[in-house]
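In: no sequence on this one, just coordinates:
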DNA sequence: ATATTTCGGTTGCAAAAGCAACGAAAGGGT
DNA sequence: ACCCTTTCGTTGCTTTTGCAACCGAAATAT
């Protein structure tokens, strides 16, 4: 329990929530932990989603499978990060996305309704929790905006540079959580075309890379 | 005042807020109404954004200007709808987007901080307001997801069909709020290429259209 | 160690998209 | 009514992208 708290306490959802609050919360919220192996499906597109998931170890991916087998990677969610908040909050009957574990992972599930509705025990931290949830969802919306900015670029090169700029932050060297095929799915272009473009960019002295490590050369 | 309430009361932000609550709110929230002519800039990218805007009449657009003059239309916001919530909620120092009036418009601005922080008057509706705000932002995030789905399509035709499917709902005939150039900016493709594709789709008996009115055939 | 699968770069070709320019039609203002 | 601007379809051309296939290297399993 203490371990779990140590992992998730930095998440926006638990801002100003103490350990004792947390203990009480999990009690009154029918939270549960589940383990998944690599590439296991956590939630299938079309299922109802009424929980918020918190990654305790490993990582999960939000993906969408095209009716013709093509998959788009929406996002990757790492340790202490949350997923499912948005769909839970709009109380969408059916999830438009599928969620899979990208590696062996442990997930803490919290019933969404218990977060947003005041419980009968009148826990004093509920209003704090809702305010936190607001921040969390807003942050997610901001991430989605970034993704839109990437996808609105017209050429593969521009998409890549835009993505790299978000990923790098202030650093010039950075790692991406995807291999080539996955990165192509993330920026929604053909893998071989992307590979071609990356080579060209390296030839022109724009970037340098090795495996999933990239460097922007000024 | 009553007029304003009649316009915005259907917005998610005011679910379960009565008129008397609303009156009290605007008092304690330093809300103000402003008028804009067509194509006036309401907020310039880079400015700080600490308000939620509610469209009382007309409509506004969320756009992003590329450093090389190209503009992308993120979204169009009509009467009784809100904008700015996301950026206000993440307390982003600088807005990544520009907001312009698409036509003559009246906007109600509400100070964001006054919404999310409990005011000294201990207004009883504040917690309701925060819960509403959560729904609002989650809804916005869902819209962004739809936009990503559109942009993740590889061909112009697929982008258009995806967009049309969101716009049409259950109907086969529907109007879009954009002219051709704007629609091209919205789905992030070249206008002439889009025009070409629309003609082809009409030739193939897929769709029919006249001005900004479209119809999906069978 | 060897077999098998995954990964990633490359190539050639076909399809799609972007770009620039043109012109007709529609719309708005004086 | 006339002029000027905006809108939108069209065309020819160039560039970019997608696609399928291949191959060697690396990773993983047997």
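Out: Arrived safely. Predicted, not measured: the structure shown is a model, and the values here were computed from it.

In: name the SS class of residue A:72, please.
Out: What DSSP: H, G, I helix; E, B strand; the rest coil gives for residue A:72 is strand.

In: beta partners for it?
Out: Counting by DSSP bridges, residue A:72 is bridged to residue A:64.

In: how close does it get to DNA strand C?
Out: 16 Å (CB to the nearest atom of the strand, to the nearest Å). Heads up, the C-betas are built off the backbone N, CA and C, glycines and all.

In: that residue reaches residue A:66, doesn't it?
Out: Yes. Residue A:72 lies in contact with residue A:66 (CB atoms under 8 Å); the separation is 7.1 Å.

In: between these two, who's got more neighbours?
Out: residue A:72 (21 against 13; other CB atoms under 10 Å in any protein chain shown).

In: so who does the more buried one touch?
Out: Contacts here follow CB atoms under 8 Å, 6 or more residues apart in numbering or on different chains; on that basis residue A:72 touches A:63-64, A:66, A:185-186, A:188, B:152.

In: which one of those sits in the busiest neighbourhood?
Out: Going by other CB under 10 Å, residue A:186 tops these with 24 neighbours.

In: buried residues in the helix or strand harbouring residue A:5, which are they?
Out: Taking DSSP states H and E as the criterion, residue A:5 maps to helix A:2-8. For helix A:2-8, burial by neighbour count (16 or more other CB atoms under 10 Å in any protein chain shown) applies to A:4-5, A:7-8.

In: turn the residues you listed into TSV, including distance to residue A:128 and pLDDT.
Out: As requested, the buried residues of helix A:2-8 are exported to TSV (distance: CB to CB, whole Å; pLDDT from 0 to 100):
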residue	distance to residue A:128	pLDDT
A:4	19	94
A:5	15	95
A:7	19	95
A:8	15	95
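
In: quick check: residues of chain A near DNA strand C?
Out: Proximity of chain A to DNA strand C, by CB under 7 Å from any atom of the strand, involves residues A:154, A:179-181, A:192, A:195-196, A:198-199, A:209, A:211-212.

In: not counting the lowest-mean-pLDDT helix or strand in chain A itself, show me its contacts.
Out: One helix or strand of chain A scores below all others by mean pLDDT, DSSP states H and E: helix A:112-116, with a mean of 82. With contacts defined as CB under 8 Å, 6+ apart, helix A:112-116 is touched by A:28-30, A:50-52, A:84-85, A:88-89, A:126, A:129-130, A:133, B:131, B:134.

In: cutoff 6 Å now
Out: The contact list for helix A:112-116 (CB atoms under 6 Å, 6 or more residues apart in numbering or on different chains) reads A:29, A:50-52, A:88, A:129-130.

In: can you check stretch A:204-218 too?
Out: A:172-176, A:201.

In: among those residues, which are located in strands?
Out: The strands, defined by DSSP state E, take in A:173-175 from the contacts of stretch A:204-218.

In: reformat the residues you listed as TSV; add neighbour count and pLDDT.
Out: Formatted as TSV, these follow (neighbours: other CB atoms under 10 Å in any protein chain shown; pLDDT from 0 to 100):
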residue	neighbour count	pLDDT
A:173	11	96
A:174	15	96
A:175	11	96
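
In: just those residues now: which is nearest DNA strand C?
Out: DNA strand C lies nearest to residue A:175 out of the ones in strands among the contacts of stretch A:204-218, by CB to the nearest atom of the strand, at 11.7 Å.

In: need the contact list for the closest one.
Out: By CB under 6 Å, 6+ apart, the residues touching residue A:175 are A:212-213.

In: who does it bridge with?
Out: residue A:213.

In: look at the residue positioned nearest the centre of chain A and report its pLDDT.
Out: Taking CA atoms, centre = their mean, the centroid of chain A lies closest to residue A:77, which sits 3.0 Å from it. Per-residue confidence at residue A:77 stands at 96 (pLDDT).

In: hang on, it packs against residue A:85?
Out: No. Residue A:77 is not in contact with residue A:85 according to CB atoms under 6 Å; the separation is 10.6 Å.

In: still on that earlier bit, JSON lines please, covering the contacts of residue A:72 and showing distance to residue A:167, pLDDT and secondary structure.
Out: Formatted as JSON lines, these follow (distance: CB to CB, whole Å; pLDDT from 0 to 100; DSSP: H, G, I helix; E, B strand; the rest coil):
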{"residue": "A:63", "distance to residue A:167": "19", "pLDDT": "95", "secondary structure": "strand"}
{"residue": "A:64", "distance to residue A:167": "21", "pLDDT": "94", "secondary structure": "strand"}
{"residue": "A:66", "distance to residue A:167": "25", "pLDDT": "82", "secondary structure": "coil"}
{"residue": "A:185", "distance to residue A:167": "15", "pLDDT": "97", "secondary structure": "helix"}
{"residue": "A:186", "distance to residue A:167": "10", "pLDDT": "98", "secondary structure": "helix"}
{"residue": "A:188", "distance to residue A:167": "16", "pLDDT": "97", "secondary structure": "coil"}
{"residue": "B:152", "distance to residue A:167": "18", "pLDDT": "96", "secondary structure": "coil"}
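
In: if anything else comes up later, I'll come back, but that's it for now.
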